[in-house]
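Visitor: sequence-free structure coming up:
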């Protein structure tokens, strides 16, 4: 189970640990973004600090109908106690957890300042 809190701006925040190129863990708070269908989005300065490996360019259709082209990197994160290697989208934003990273989990949010955020792994489905 992953536990976080709702901040004063009513954003659901969870901690996430990301490995840098040397394998050292860096813990950051990340906003859960149910409108983001990717894995994890990080700002360029954090990607540079972690010295992540560049993989390819990506393309996304934004909510306003415009298209965005961005760089995609790769990193290993600790997710619910397990090491997982995932794609990292680069964008000028706070760290964002997307729906693909939460796949197979149930999300519960107490939408009050300081409310509890819980991600619980669902039973394996056939």
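Guide: Perfect, I can see it now. Everything numeric here is computed off the predicted structure, so don't read it as measured data.
Visitor: what packs against the helix-or-strand element of the chain with minimal mean pLDDT?
Guide: Lowest mean confidence among the helices and strands of the chain (mean pLDDT, DSSP states H and E): strand 53-61, at a mean of 89. Strand 53-61 sits against strand 67-79, strand 82-90, with contacts defined as 3 or more CB pairs under 8 Å, 6 or more residues apart in numbering; DSSP states H and E. For the C-beta atoms, the positions are set from N, CA and C on the backbone; glycine is no exception.
Visitor: okay, and the beta partners of the residue nearest the centre of the chain?
Guide: In the chain, the C-alpha nearest the mean C-alpha coordinate belongs to residue 97, at 2.4 Å (CA atoms, centre = their mean). Beta-bridge partners for residue 97, by DSSP bridges, are residue 32, residue 40.
Visitor: that one and residue 22, how far apart?
Guide: Using CB to CB, to the nearest Å, residue 97 is found at 24 Å from residue 22.
Visitor: where does the prediction get shaky in the protein?
Guide: By pLDDT under 70, the weakly predicted segments of the chain are 125-126.
Visitor: try 90
Guide: Within the chain, the ranges that satisfy pLDDT under 90 run 35, 37, 58-69, 124-126.
Visitor: spit out the contact partners of the residue nearest to residue 119 when sequence neighbours are not counted.
Guide: Closest residue in space to residue 119, ignoring its immediate chain neighbours: residue 2 at 4.1 Å, by CB to CB, 6 or more residues apart in numbering. Residues near residue 2 by CB atoms under 8 Å, 6 or more residues apart in numbering: 14-15, 79-80, 105, 118-119.
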